[in-house]
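Colleague: Fold the stuff below for me.
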Amino acid sequence: MSNVTISAERLQHWASQILQTAGMSSPSADQVAKVLVWADLRGTGSHGVSRLPLYVQWLTSGEMQGQAEPQISLQLPSLVMMDGGCGPGAVGMQCLSEAVAVGARRSGTCLGLLKATTHTGALGYYTSQMAQQGMLTLAMAASGPLMAYYGAASNGVSTAPLSIAAPSGDGENAIVFDMASSATAFGKLMQAKAAGQSIPADWALDAQGQPTTDAAQATTLLPVGGPKGSGLALMAEIMCSVLSHNPLLAPALALPEAQRRHQQNALLLAIDIAQITDLRTFGEEVKQLSRALKQLPTTPGSEILMPGERGARESSQRSANGIPLNAATIKQLEALANQLTLPTPW
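Modeller: The predicted model follows:
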């Protein structure tokens with residue numbers, strides 16, 4: 001089976017059809033598809049349409065409620081809390097982003113908490129969106145145990161993704177930092193398993209708690225930077241889950257793995273830059289900082305890139321030429337389409 005290249009518009013429309021057929025409301029499916037394809041455009045396939053089979057599985061099991069709409073449970077001048085009702089994470093995060101932006105415009109800064117949601121998708125989507133509105137924004141998410149706490153031989157904490165974005169004074173492009181606290185994203189491990197590829201020895205442990213290069217044997221992701229990565233994941237659980245009175249890790253660890261159900265919590269913090277300093281000046285100073293770093297001497301064969309720059313380049317190219325999907329992803333998506341009796345767009 002060969003690779004396929006498809007336009008972002010066609011892929012997004014098809015992804016929305018898949019989700020609607022699986023039980024998601026039309027507006028929610030459109031929003032989720034938009035976030036998935038945004039990741040594929042930027043070359044982050046681990047958070048793109050390769051996630052569709054898992055989303056459909058969650059819709060079927062009831063872990064993701066396709067018709068749920070986020071509800072505000074607490075609103076203060078600079079604090080908003082939402083209950084996602086186990087609905088699609090991309091929908092909850094979009095609603096939270098909009099509410100937090102209003103709060104930041106009103107109070108200078110606003111903190112948003114979203115509890116009881118599902119997979120949020122690429123956090124950089126929301127932080128970059130906020131940066132384009134003149135907001136310096138931080139987003140964090142917590143989920144069930146997928147990664148070893150430093151020193152442990154089995155899953156204990158989540159991969160705790162983190163994104164920070166700032167306007168850069170360079171048109172629509174922002175500085176968009178986006179990382180997981182694990183040595184690799186869970187989605188990348190899933191892709192390696194689907195493709196039958198080997199993985200670096202520092203990515204994961206097998207069921208016996210030993211490092212493995214066989215993606216099929218990997219059961220536990222390893223933290224990036226050892227105790228630094230697992231410490232970040234611990235604090236994500238405290239900030240996103242314990243603070244919102246919806247702890248995920250402790251209850252999950254008290255259950256056999258087969259009985260654990262998928263759920264996430266998230267946090268979004270925005271600062272309205274214009275209320276502190278001139279927004280144009282801020283952007284120019286960020287641009288000057290980027291320029292100064294890019295003028296540093298480089299190691300042979302390397303290029304100095306700002307966070308999000310590679311993804312922005314890739315998005316520009318793929319918007320013009322189409323999104324390439326690898327054979328393993330195509331195989332999974334065709335099986336999903338057959339399951340739902342839908343045609344594929346290729």
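
Colleague: Do you know the pLDDT at the closest residue to residue 245 other than its chain neighbours?
Modeller: Distances taken as Cβ to Cβ, 6 or more residues apart in numbering place residue 115 nearest to residue 245, at 7.4 Å, with adjacent residues excluded. Backbone N, C-alpha and C define where each C-beta goes, glycine included. Looking at residue 115, its pLDDT reads 98.

Colleague: Then the one 4 residues further on?
Modeller: Each residue has a pLDDT score; the one for residue 119 is 97.

Colleague: give me the number of residues near the residue nearest to it when sequence neighbours are not counted?
Modeller: The shortest distance from residue 119 to any non-neighbouring residue, by Cβ to Cβ, 6+ apart, is to residue 89 (4.8 Å). By other Cβ atoms under 10 Å, 26 other residues sit near residue 89.

Colleague: any idea how far residue 250 is from residue 153?
Modeller: Note on residue 153: its distance to residue 250, by Cβ to Cβ, to the nearest Å, is 19 Å.

Colleague: Out of those two, name the residue with the larger neighbour count.
Modeller: Just comparing residue 153 and residue 250: by other Cβ under 10 Å the higher neighbour count belongs to residue 153, 14 against 11.

Colleague: Please report phi then psi for that one.
Modeller: Main-chain dihedrals, residue 153, degrees, to the nearest 10: phi -110, psi 10.

Colleague: can you give me the strands for this protein?
Modeller: With DSSP state E as the criterion, the chain has strands at 4-6, 71-76, 79-83, 109-117, 135-142, 147-148, 155-157, 162-170, 173-179, 204-205, 220-221, 264-272, 323-325.

Colleague: List the neighbouring strands of the first one plus their orientation.
Modeller: Think strand 4-6. Strand pairing for strand 4-6, determined by DSSP bridges: strand 323-325 (antiparallel).

Colleague: The partner strand: which residues count as buried?
Modeller: Buried positions in strand 323-325, judged by neighbour count with 16 or more other Cβ atoms under 10 Å: 323, 325.

Colleague: do stretch 162-174 as well
Modeller: 162, 163, 164, 165, 166, 167, 168, 169, 170, 173, 174.

Colleague: Thought residue 248 was touching the residue nearest to residue 245, still the case?
Modeller: No: the pair residue 115 / residue 248 is not scored as a contact, 9.5 Å apart, by Cβ atoms under 8 Å.

Colleague: what about the stretch 51-200 of the chain, any weak spots by pLDDT?
Modeller: Residues of the stretch 51-200 of the chain meeting the criterion pLDDT under 70: 170-172.

Colleague: From residue 130, how far out is residue 281?
Modeller: Residue 281 is 19 Å from residue 130, by Cβ to Cβ.

Colleague: what about stretch 62-76, start to end distance?
Modeller: Distance between the two ends of stretch 62-76: 32 Å, counting by Cα to Cα, to the nearest Å.

Colleague: Outside of it itself, list whatever touches it.
Modeller: 19, 22-25, 28-29, 55, 58-59, 80-88, 91-92, 95-96, 99, 114, 117-119, 261-263 (Cβ atoms under 8 Å, 6 or more residues apart in numbering).

Colleague: re earlier: got the strands of the chain as a markdown table, with distance to residue 340 columns?
Modeller: Shown next, in a markdown table, are the strands of the chain (distance: least, Cβ to Cβ, whole Å):
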| stretch | distance to residue 340 |
| --- | --- |
| strand 4-6 | 18 |
| strand 71-76 | 29 |
| strand 79-83 | 29 |
| strand 109-117 | 24 |
| strand 135-142 | 28 |
| strand 147-148 | 32 |
| strand 155-157 | 31 |
| strand 162-170 | 31 |
| strand 173-179 | 31 |
| strand 204-205 | 31 |
| strand 220-221 | 30 |
| strand 264-272 | 24 |
| strand 323-325 | 18 |
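
Colleague: Which one, of these, ends up nearest to residue 192?
Modeller: Between residue 192 and the strands of the chain, the shortest separation by Cβ to Cβ is 9.4 Å, and it involves strand 204-205.

Colleague: Next up, the contacts around the nearest residue in space to residue 147 that is not next to it in sequence.
Modeller: Using Cβ to Cβ, 6+ apart and skipping the chain neighbours, the partner closest in space to residue 147 is residue 221 (4.2 Å). By Cβ under 8 Å, 6+ apart, residue 221 lies in contact with 146, 147, 148, 155, 159, 182, 183, 184, 186, 189, 203, 204.
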